[in-house]
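Novice: fold the following and give me the result.
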Amino acid sequence: IDDDVVTMAYGVAGCEVVRVTDALATLEAMVEGTGDLQPAPFDMVFVDADKTRLYEYCEALVSNDRILKKGGLIVVDNVLWKGLVLEASTGEFTRDDSDSDADDGDGAARKGRRARKLATKMHKFNSEIVNDPRVEVVVLPMR
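Specialist: Prediction:
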């Protein structure tokens, strides 16, 4: 174990957890074949990252097979963003998604605005990725 990579294995199955400060820059360097991290291509990549740049992560992953094996699986977290993505698709938010444990009304309003903004970003990502001919999209709602 070092500071950046944790490798776990059981039998023939293995897992690498990579922790970095700027994940997209690290991923792009890995795709280009530069930088310190050059793992073997993964069967699956889990993306739980900056919601404003999700398509860029997927673009880097499918651009060649250095990071993700051909036919590999990309799992993207929060594509339905608290159920608000459906409302973002129409542009009409019908509910306030602020956290109930907020200290004051202004804090709750800020959290609600942030949730709606992220839902709109997730809707944009969903719209872009579903139209990308290099990928097949499956949505698996889980809570």
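Novice: how about the top helix by length along the chain: buried residues?
Specialist: When the chain is scanned for its longest helix (criterion: DSSP state H), the result is helix 105-130. Neighbour counts over helix 105-130 (16 or more other CB atoms under 10 Å) mark 108, 111-112, 115-116, 118-126, 129 as buried. (Glycine included, C-beta is placed from N, CA and C.)
Novice: count of neighbours near the residue nearest to Asn126 when sequence neighbours are not counted?
Specialist: Leaving aside its chain neighbours, Asn126 sits nearest to Val79 (5.8 Å; criterion: CB to CB, 6 or more residues apart in numbering). Applying the criterion other CB atoms under 10 Å, we find 18 residues in the vicinity of Val79.
Novice: give me the pLDDT for Val79.
Specialist: You'll see Val79 listed with a pLDDT of 91.
Novice: you'd agree it is in a helix?
Specialist: No - if the criterion is DSSP: H, G, I helix; E, B strand; the rest coil, then Val79 is coil and not within a helix.
Novice: residue ranges for the helices of the protein, please.
Specialist: Ranges of helices within the chain are 23-32, 54-63, 84-90, 105-130, based on DSSP H.
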